[in-house]
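[1] the sequence and its predicted three-dimensional model are supplied below.
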Amino acid sequence: MNKIRIAPSILAADFARLGDQIRDAEAAGSDLIHVDVMDGRFVPNITMGPVVIEAARRSTSLPLDVHLMIVEPEHHLEAIAKAGATRIDVHWEVSPNLHRTLQTIRDLGCEVGVAVNPHTPANFLSDVIHMLDAILVMTVNPGFGGQAFLPETLPKIRQLRTMIDESGRAIDLGVDGGIQNDTAKMAVTAGANVLIAGSVIFTDKHSVDAGVKRLREQVAK
């Protein structure tokens, strides 16, 4: 997995023109569109659900990476899949029957991902790594955009990269939270190959195209 994949997070987009911003992100060379679903229970914030996912699906041909920051995700998997998710990421911390949940995602025809909070050890994924298409490391405490990157997550990224390489599977290793032009390079050096970025791409300071291209240039140095 030599190519670094850019996944703009629409949590930071202007929802008054969401479709246009998603199309701009695709035109800029993004690889995925990241959708954060929050329920106000697992995390403090409430964001979007299947209606927005369906609108995003109509706005782009890119894969939709849907990150469920919700309790009892198993009750919503079918609706998320039907709305157009390409990949569904569930949190280890809220999945007491994780193996069953991951199998359900696969049975629904979606790629399978697991997300872990900053405090969750990498080895907690050892028993399910054979089922995964993606691992998502939260590099901030989940719930809000615009937070600062937690450098103490870097050892876990390195450990997970080793686990993935030893598994022999083509598993994406994504990082989510505080990804800016400087921290992106740190995450990639540690072993991440998917950068989920919001405010550095969707901002009034520059175009979406400029944000995507500058991020890619930073990690290419």
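    Yes, it's here. Numbers count the residues shown, from 1 in each chain.

[2] contacts and neighbour counts: CA atoms only from here.
    OK.

[3] residue 51 is in contact with residue 83, isn't it?
    Yes - counting by Cα atoms under 8 Å, residue 51 does reach residue 83; the two are 7.2 Å apart.

[4] ok, residue 176 - contacts?
    Neighbouring residues of residue 176 by Cα atoms under 8 Å, 6 or more residues apart in numbering: 136-140, 195-197.

[5] quick check on it: phi, psi?
    For residue 176, the backbone dihedrals (degrees, to the nearest 10) come out as phi -140, psi 110.

[6] report the beta-bridge partners for it.
    Beta bridges link residue 176 to residue 138, residue 196 when assigned by DSSP bridges.

[7] on that earlier part again, out of the contacts of residue 176, which one sits closest to residue 23?
    Residue 23 has its nearest neighbour among these in residue 197, at 15.9 Å by Cα to Cα.

[8] isn't the closest one right up against residue 177?
    Yes - using Cα under 8 Å, residue 197 is in contact with residue 177, at 7.1 Å.

[9] residue 182 - that's part of a strand, no?
    No - counting by DSSP: H, G, I helix; E, B strand; the rest coil, residue 182 is located in no strand; its state is helix.

[10] re earlier: okay, residue 51 and residue 83: which has more neighbours?
    residue 83 (19 against 13; other Cα atoms under 10 Å).

[11] who's in contact with the more buried one?
    So residue 83 contacts 50-51, 53-54, 57 (Cα under 8 Å, 6+ apart).

[12] which among those count as buried?
    Among these, those buried by neighbour count (16 or more other Cα atoms under 10 Å) are 50, 53-54, 57.

[13] quick check, nearest of those to residue 65?
    For those, the residue nearest residue 65 by Cα to Cα is residue 53; the value is 9.8 Å.

[14] immediately after the helix or strand harbouring that closest one, which helix or strand?
    Using DSSP states H and E, residue 53 falls within helix 50-59. Next in sequence after helix 50-59, counting helices and strands by DSSP H and E, comes strand 64-69.
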